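Asker: Here is a sequence together with a model predicted from it:
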Amino acid sequence: MQQGFRLKVLVTGVVLASLVALVALGGCERKPKIEPPKIDFVLAGEGYSTKPDFALIEHLHPIPIAELVRITPEYLAGLEQEQVDQIYARLSAGPIPDGAFDGALFFPKGSSGTLRASEIVGGLKGLAVQFKGRKLEALGAALWKGKVFYRDERVLRNRIEDLAVLKPLIGGSLADIPKIDVDDRDAWLLFPAKLYCGQSLLDGRRESIIIDYAFSDDLPGYRERPDYLATRRGFKVRDEIRMVRPGFYLGRAYLDHAFVLNFTLYNLTIAERDGPAFMANGQAQEDCWAGTQQRHLLVSR
C-alpha cells in the first residue's frame, strides 16, 4: 500500500510538472535596463462589481507608443494582476506571429498570498500535491524555452529543451520527435495547438490571438503521449495573446477557462525589423477584429 501511495505521488508530480511545461515560458534574453514606462492605472477592488470598465480606462488613459516600447517582461512581472489586466485590455491582437519566439512567465498573486497557479492546479483533476510558486516557475523555465508559430498553417508547437520530466509520459522512442535549432539551442517540438482569432476571456471588446490545445489531436505530428495533457482530455489548455509592440506579445494562460498565469513572447528579429515603423506612426498589421473602440496610439513628435 505504501508503494502504491509513492507511485501515485510520483505520477501526480510528473503530470503537474508536465502541465507547467505547457503553460510556462523560459526567460527572455537579458537586455539593458531601461526606464520603466509611465502608465496610468485605475484603482479597483477585489470584487467583480468593483472592477473598472476597460473601455473607459482606454478612453481616459491611452498608452502612448513611447511608453509601450519601454514595457519589458521584468516590468510586467512587478505589477499587480489588475494592472497587467488593464495593460492587456488596452492592447490589440496585432499580426498572428510567425517563427520562433522566446518567452517568460509570471504568476499572479492570489488573495491568500500564495500563487494562484498553485491553488488552481491543486484543485484540478484531484491533484492534491502542493508546489510552491517559485518551484513551479523555476521548473517551467528549465523545461520550456518558447513557442514556434506556423502562421500559414495556423498551427503552433512548443519548444521543449529538457525532456527529463516528460520522459515517463512519452510513449515510444524519442528519436521520432521533431527537433528545431533556435540560436544554436536544440529543442523538441511537442504540444501542437491551433491558432485563430477569437474572443478574449478577459476583454470581449476586441479579439485576441487564440492558442487552442483542445482539439489538437487532429493536427499533423500530434503525439498522444505526452501531447494529450494539453487537450480536452487533459488540462484543457487555452492561451490568448495580444501585441505590445512588433515582436513582443503579452499572453494569458487558462486551464479549463480558469486563468492561471501570464506570459510574454519575444522575437528580436521581428522587433528590429518592424519596430522603427511602429515607433514612427503607430501602425501595425491587424489580423484579428480590432473592435469598434478606436485605439488612440499617441506618437511622439
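Answerer: Yep, it's here. Numbers count the residues shown, from 1 in each chain.
Asker: residues in contact with residue 50?
Answerer: By CB atoms under 8 Å, 6 or more residues apart in numbering, the contact set of residue 50 is residue 44. Just so you know, the C-beta spots here come from the backbone N, C-alpha and C atoms, and that holds for glycine as well.
Asker: And it, what's its pLDDT?
Answerer: At residue 50, the pLDDT value in this model is 83.
Asker: cool, and residue 163?
Answerer: 77.
Asker: Also the one 3 residues further on?
Answerer: Looking at residue 166, its pLDDT is 73.
Asker: surely it meets residue 223?
Answerer: No. The pair residue 166 / residue 223 is not scored as a contact, 10.8 Å apart, by CB atoms under 8 Å.
Asker: intersection of neighbour lists for these two?
Answerer: What both residue 166 and residue 223 touch, as defined by CB under 8 Å, 6+ apart, is the set residue 190.
Asker: Look up the residues forming beta bridges with the residue nearest to residue 194 when sequence neighbours are not counted.
Answerer: Closest residue to residue 194 apart from its sequence neighbours, by CB to CB, 6 or more residues apart in numbering: residue 212 at 4.7 Å. Beta bridges link residue 212 to residue 194, residue 238, judged by DSSP bridges.
Asker: quick one: residue 212 from residue 156, how far?
Answerer: Distance, residue 212 to residue 156, using CB to CB, to the nearest Å: 9 Å.
Asker: With residue 267 instead?
Answerer: Following CB to CB, the distance that separates residue 267 from residue 156 is 13 Å.
Asker: Pick out whichever of the two has more residues nearby.
Answerer: A direct count of neighbours by other CB atoms under 10 Å for residue 267 and residue 156 places residue 156 higher, at 26 against 22.
Asker: So for residue 212 and residue 156, which residues contact both of them?
Answerer: 193, 194, 195.
Asker: Need the buried ones from the residues you listed selected in ChimeraX.
Answerer: Buried residues within the shared contacts of residue 212 and residue 156, by 16 or more other CB atoms under 10 Å, are selected in ChimeraX with:
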select :193,194,195
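Asker: Format the shared contacts of residue 212 and residue 156 as JSON lines; extra columns: distance to residue 62.
Answerer: JSON lines is the format used below for these (distance: CB to CB, whole Å):
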{"residue": "193", "distance to residue 62": "32"}
{"residue": "194", "distance to residue 62": "32"}
{"residue": "195", "distance to residue 62": "28"}
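Asker: ok, so of the shared contacts of residue 212 and residue 156, who is nearest residue 95?
Answerer: Distances from residue 95 to those, taken as CB to CB, are shortest for residue 195 (11.5 Å).
Asker: thought the closest one was touching residue 93?
Answerer: No. Using CB under 8 Å, residue 195 makes no contact with residue 93, being 11.3 Å away.
Asker: which residues do these two both contact?
Answerer: Joint contacts of residue 195 and residue 93 (CB under 8 Å, 6+ apart) are residue 209.
Asker: on that earlier part again, for the shared contacts of residue 212 and residue 156, which one is nearest residue 89?
Answerer: residue 195 (21.5 Å).
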